[in-house]
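Engineer: Just to be clear, the model below is a prediction. Sequence and coordinates:
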Amino acid sequence: MKRIALTLIIALSLILPSNAQEKDEKLRALEDLEQKAEATTPQDTVIPVEIDTLITVEEDVVIPVEVDTLIAVEEDIDIPDEESYAGDTSRVKIGDIVVVEDTGDETIIRIGHKGIRITEDGDDTEIDFEEYSDDRDKDRFRGHLGGIEFGFNGYSSDRWNTFVDPADADYNLNTSRSNNFNLVTPCINLGFSPHFGLVAALGLNWNEYYFDKDITLVTNEDGVVHPVPIENPVDKSKLLTTYATLPVMLEWQIPVSHNSAINIGAGVTGAIKLGSHTKIKYDMEGDHKEKNHDDFSLNLLRWGATARVGYEMFQVYGTWYLSPMFEQDKGPELYPFEVGISLTINN
């Protein structure tokens, strides 16, 4: 028994040291592995550093790229030029064309002279289209001369009355049928103030002088004009003239509201003759007319005084020519005049 126990003790003594040695070898191997792991640990620590670095680089790169893009867009569109706030109202102006104004309940978008007004009232939304005048127009003088004019005309033996001398009674006119028509170009404005200035324009003037008696005009060999009776029954007989005109006036405007004014103008007008002829329509069956194209010793040039008064685009005008209708000693001393209404188109 003792022999067996001794044998076991010896065997254990041999086995345990060998096991311990194996454990030591395993521990050394583990230590070697740890050392190797420690040697590779910087790679592990480098990875988050690289990630952070990449993140930082991405933030540094992305942000300036976005800023540069915005700057480029702002330079191309040029917005906004002007931005202001007053109470609940904000206003943004882009150049001289686009204006956006927001008051909370109302938004106005204006592009040039056109605009949209969007109004919100609870659940209701109203959209209105509007037109605006340029603010610079408020301080700019604009005259009232160019347009279409229609009136009555006549002549007299004196510069300032409407009567014909009894010696020239054959030249009496049917004033209800004697009329004139003027077509005037938009005027040129020279403003001395917003409501006072000089205006000038070019125009065409047509006059019809209906004779009250059954007469027509003829010119003899010396160029002298005289009336000649018409033997056949006459429906109408008239003298027609065409002139190119140049009126120049001073105009004074009296404001009566925000955008309206009474206009008063006075000045002079000159004219040059473009053509003339007589026309006879006989009172008989069928359409029988007779025309005689001649200058009838009418003055080539004439000038006179002109005046008008009106409200905005509607005017009443009058023109009195201070030069005689016919050349001196070649016809009666007659002075033409015109009175009528005009519709200006350059207001």
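Structural biologist: All right, it came through fine.

Engineer: alpha carbons only for contacts and neighbour counts from here, please
Structural biologist: OK.

Engineer: what about V256, distance to I345?
Structural biologist: For V256, the distance to I345 (C-alpha to C-alpha, to the nearest Å) stands at 20 Å.

Engineer: The stretch 101-250 of the chain: strands as residue ranges?
Structural biologist: Using DSSP state E, counting those that start in this stretch, the strands of the stretch 101-250 of the chain run over 106-111, 114-121, 124-131, 147-156, 179-184, 188-193, 196-200, 203-210, 215-219, 225-229, 234-255.

Engineer: Next, format the ones you listed as CSV and append distance to E312, mean pLDDT and mean neighbour count.
Structural biologist: CSV is the format used below for the strands of the stretch 101-250 of the chain (distance: least, C-alpha to C-alpha, whole Å; pLDDT from 0 to 100; neighbours: other C-alpha atoms under 10 Å):
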stretch, distance to E312, mean pLDDT, mean neighbour count
strand 106-111, 26, 82, 18
strand 114-121, 22, 82, 15
strand 124-131, 19, 80, 11
strand 147-156, 12, 94, 21
strand 179-184, 17, 96, 21
strand 188-193, 16, 92, 16
strand 196-200, 14, 96, 22
strand 203-210, 20, 96, 21
strand 215-219, 41, 93, 19
strand 225-229, 43, 92, 16
strand 234-255, 9, 95, 20
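
Engineer: that older thread, if you count what's nearby, which of V256 and I345 comes out ahead?
Structural biologist: Taking neighbours as other C-alpha atoms under 10 Å, V256 and I345 compare with I345 leading, 16 against 10.

Engineer: wait, isn't the more buried one in contact with V184?
Structural biologist: No. I345 is beyond contact range of V184, at 9.4 Å (criterion: C-alpha atoms under 8 Å).

Engineer: hey, what's in contact with both of the two?
Structural biologist: Residues touching both I345 and V184 by C-alpha atoms under 8 Å, 6 or more residues apart in numbering: G146, G147, I148.

Engineer: Give me the below-cutoff pLDDT ranges for the stretch 201-347 of the chain.
Structural biologist: 286, 346-347 (pLDDT under 70).

Engineer: 90 - rerun?
Structural biologist: 221-222, 231-235, 256-260, 282-289, 312, 345-347 (pLDDT under 90).

Engineer: How far does stretch 165-182 sit from its chain's centre?
Structural biologist: 44 Å (C-alpha atoms, centre = their mean, to the nearest Å).

Engineer: Then stretch 121-133?
Structural biologist: Taking C-alpha atoms, centre = their mean, the mean C-alpha location of stretch 121-133 is offset from the chain mean by 22 Å.

Engineer: Domain-wise, how is this structure divided?
Structural biologist: 16-77, 82-132, 137-344 (automatic domain parsing).

Engineer: what's the most buried one of those?
Structural biologist: For these, average neighbour numbers computed from mean count of other C-alpha atoms under 10 Å are highest in domain 137-344, which has a mean of 18.

Engineer: Please tell me how far that domain is from the chain's geometric centre.
Structural biologist: The answer for domain 137-344 is 33 Å, by C-alpha atoms, centre = their mean.

Engineer: wait, what's in contact with D88?
Structural biologist: When the contact criterion is C-alpha under 8 Å, 6+ apart, the partners of D88 are T103, G104.
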